[in-house]
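**Student:** This is a predicted model, with the sequence first.
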Amino acid sequence: MKNKPVSIQNIADELKISISTVSFVLNGKAKEKHISSSLTQKVLDYAQLVNYKPNRMAQSLRTGKSNILVFMVEDISNIIYAKVAKFLDDIAYKKGYKVIFCSIGNEQSKALEVIDFYILLQVDGFIIVSSLNLSYEIDDLVKGSNCIVLLKKDLVKNNCNDNMLFNIANNMIGSMLELLNK
């Protein structure tokens with residue numbers, strides 16, 4: 001059975017201090033909150049000892065950013081989409097983002113279900129390459145302040161060399177980051 005991850009509650013309980021104190025220290029706000037350097041070091045040392053990892057979902061609720069993008073295509077096993085996905089992942093990673101890849105087939109209902117699911121997870125944006133007519137859903141995404149980059153399926157399929165596919169991926173990330181930073 002897998003152990004549950006260590007939480008700030010666990011650290012606070014073990015060190016007999018408040019959860020807020022642990023949170024302030026782990027979020028780099030110890031000086032701002034006038035927490036002593038000895039207590040700060042004690043929290044940091046213990047967090048390292050127990051291999052504390054921040055809860056990304058909790059962080060995204062606090063910051064409003066998940067640093068997760070969704071790349072949706074009809075068939076991720078298609079060599080062209082796979083190459084774009086690889087380039088996209090490499091570029092996004094360098095810019096501090098993780099990418100979730102999904103195949104939606106040519107199924108409208110699956111595409112809608114996937115979009116709804118990732119909206120609930122509060123991903124930062126969607127990059128969609130599809131021939132499906134998702135105009136109502138795209139309108140809803142935009143109205144809901146979700147960042148979205150659409151790419152025509154034919155544009156990707158007709159540009160098969162690696163340099164062009166890299167440029168497409170780079171432009172998709174550039175467009176997404178521009179939207180996210182508005």
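**Tutor:** Alright, I've got the coordinates. Residues are numbered from 1 along each chain as shown.
**Student:** For the rest of this, base every contact and every neighbour count on C-alpha atoms.
**Tutor:** Noted.
**Student:** can you give me the helices in this protein?
**Tutor:** Secondary structure of the chain (DSSP state H): helices at 8-15, 19-26, 37-49, 56-63, 79-94, 108-120, 135-143, 153-157, 162-180.
**Student:** And for stretch 71-87, what's in contact with it?
**Tutor:** 99-106, 126-130, 156-157, 160, 162, 165-166, 168-170 (Cα atoms under 8 Å, 6 or more residues apart in numbering).
**Student:** Just checking the distance from that stretch to the centre of its chain.
**Tutor:** 18 Å (Cα atoms, centre = their mean, to the nearest Å).
**Student:** If you count neighbours, what's buried in that stretch?
**Tutor:** For stretch 71-87, the buried set under the neighbour-count rule, 16 or more other Cα atoms under 10 Å, comprises 71-76, 80-81, 83-87.
**Student:** I would like a PyMOL command selecting only the buried ones among the contacts of stretch 71-87, please.
**Tutor:** Here is the PyMOL command that selects only those of these that count as buried (16+ other Cα under 10 Å):
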select buried, resi 99+101+102+103+104+126+127+128+129+130+156+165+166+168+169+170
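**Student:** For the residue nearest the centre of the chain, list each beta-bridge partner.
**Tutor:** Using Cα atoms, centre = their mean, the residue of the chain that lies closest to the mean C-alpha position is Ile68, 0.9 Å off. For Ile68, the beta-bridge partners are Lys98 (DSSP bridges).
**Student:** Surely it and Val99 touch.
**Tutor:** Yes. Under the criterion of Cα atoms under 8 Å, Ile68 is in contact with Val99, at a separation of 5.7 Å.
**Student:** Output the helices of the chain in a markdown table, with mean pLDDT appended to each entry.
**Tutor:** Written out in a markdown table, the entries for the helices of the chain read as follows (pLDDT from 0 to 100):
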| stretch | mean pLDDT |
| --- | --- |
| helix 8-15 | 94 |
| helix 19-26 | 94 |
| helix 37-49 | 95 |
| helix 56-63 | 77 |
| helix 79-94 | 87 |
| helix 108-120 | 85 |
| helix 135-143 | 67 |
| helix 153-157 | 62 |
| helix 162-180 | 75 |
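**Student:** ok, back up a step: which pair in the buried residues of stretch 71-87 spans the largest distance?
**Tutor:** Glu74 and Phe87 (17.5 Å; Cα to Cα).
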